[in-house]
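Student: Below are the sequence and a predicted model; questions follow.
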Amino acid sequence: MSKHAGISRFTYNWGLETWQALYRSGLKPNHLVLKKFFNNHVKPVLTWIKEKGICQKVTEFAFDNLGKAFKNFFDKRGNYPRFKKKGFNDSFSINAGGKPIPIGGTRIKLPTIGWVSTYEGLPHTTTKKLTISKIAGDWYISCSYEIEAQPTSKKETYVGVDLGIKTLATLSTGIIFINPKALKKAKKKLSKLQRQLTLKVKGSNRYKKQKLRISKLHRRIANIRKDATHKATTFICKNHAVVALEDLNTSGMLKNHKLAGAISDANFYEFRRQIEYKVVRYGVQVIFVDRFYPSTKKCSNCGEIKPMSLSERVYVCEKCHHTADRDLNAAKNLENYARLAKPCLDVEG
Ligand SMILES: [Zn+2]
């Protein structure tokens, strides 16, 4: 699997380098042209890629990923693609030449590579493509497969969801999802481990061991965060018929360095990604409210608008004297927006 990851990295980097060279000479490259050139003129002489036991689809997917990376960059959803380094996010994708790959249980037969055992059991189904990655010393398999939608009966019709930095999410119904305490603890430990790393000789065995400890803790932090986000998004989608979320321009916000750390923390992007697939699964309508809609500045009771500084935690309306927690007021405004956008649903209750 390391060999496959190496080939994937080599191909991706070759593609990126060639892309840049073509661009500099005034041409407009794309990943399909690069893929074709690579297959016809470069790959035939690279005997180590054609070795027995290597899935030849790896290089194709590497070009597809490069194409996606550039598309994200052009669509302003990501940074300019960077060269891959050995040992950093090692990964590759394979398929079975378009044929469905059976998965299920705790063993899986990877195309070309062969049988591997998995720690977690998979549902019995098929998939078309597998992505294998190495995170903190362990290998992970990810794939997509089709499932039936499971619409749930909803307790509430409308809900507005305000995503925060201090709290994970505030619902207009008054329910609050806080950031897990374990996250704070793990982060404290992380800075301790990082301090210890500076005392070790670079390249030594102790240094490497410490590095692995750090990446394992990074993985744990990511998992804690993801788990909390999953709990919130599942609750929201199972219990509400219409969900209104702010359409945050995360990439724009990340440029504001002061806020950047806190925002990537609150993982708005991941929250939205989960909502987007769970609304389909549980039969929910989702409304992304324009990011210029003044959800924070508006009074959720009378509609009056006033400026709010970042430090103001409570909204106090000067017109109707309505008082509410800043996040709750914003969530209520998002709910009101949803009511106006999808009014017919209110009749059904
Ligand atoms: Zn008011």
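Tutor: Looks like it arrived, so ask away.

Student: for the protein, what's the longest helix?
Tutor: helix 205-239 (DSSP state H).

Student: what packs against that one?
Tutor: strand 156-163, strand 167-171, strand 176-178, helix 181-198, helix 268-282 (3 or more Cβ pairs under 8 Å, 6 or more residues apart in numbering; DSSP states H and E). C-beta coordinates here come from the backbone N, C-alpha and C atoms, glycine included.

Student: so which of the ones you listed comes closest to residue 230?
Tutor: Nearest to residue 230, of all the helices and strands packed on helix 205-239, is helix 268-282, at 6.4 Å by Cβ to Cβ.

Student: For residue 26, see how far away the residue nearest the centre of the chain is.
Tutor: By Cα atoms, centre = their mean, the chain has its centre lying nearest to residue 270, at 4.2 Å. Shown here: residue 270 relative to residue 26, a distance of 39 Å by Cβ to Cβ, to the nearest Å.

Student: average pLDDT across stretch 61-72?
Tutor: Averaged over stretch 61-72, pLDDT sits at 96.

Student: what's that stretch in contact with?
Tutor: 7-9, 11-12, 15-16, 19, 30-32, 34-35, 38, 78, 81, 92-95, 129 (Cβ atoms under 8 Å, 6 or more residues apart in numbering).

Student: if you skip the residues just before and after it, what's nearest to the residue nearest to the centre of the chain?
Tutor: residue 229 (5.6 Å; Cβ to Cβ, 6 or more residues apart in numbering).

Student: okay, the one you found: pLDDT?
Tutor: Per the predicted model, pLDDT is 94 at residue 229.

Student: so what's whatever residue of the stretch 151-300 of the chain ends up closest to the ion up against?
Tutor: Closest approach between the stretch 151-300 of the chain and the ion, counting by Cβ to the ion: residue 299, at 3.1 Å. Listed by Cβ under 8 Å, 6+ apart, the contact set of residue 299 reads 305, 306, 315, 317, 319, 320, 322, 329.

Student: got it, and residue 95?
Tutor: Taking Cβ under 8 Å, 6+ apart, one finds 57, 61, 101, 111, 128, 129, 130 in contact with residue 95.

Student: how near is the second one to residue 157?
Tutor: Right, residue 61. For residue 61 relative to residue 157 (Cβ to Cβ), the value is 43 Å.

Student: Which one of the two is surrounded by more residues?
Tutor: Neighbours per residue, other Cβ atoms under 10 Å: of residue 61 and residue 157, the larger number sits with residue 61, 21 against 18.
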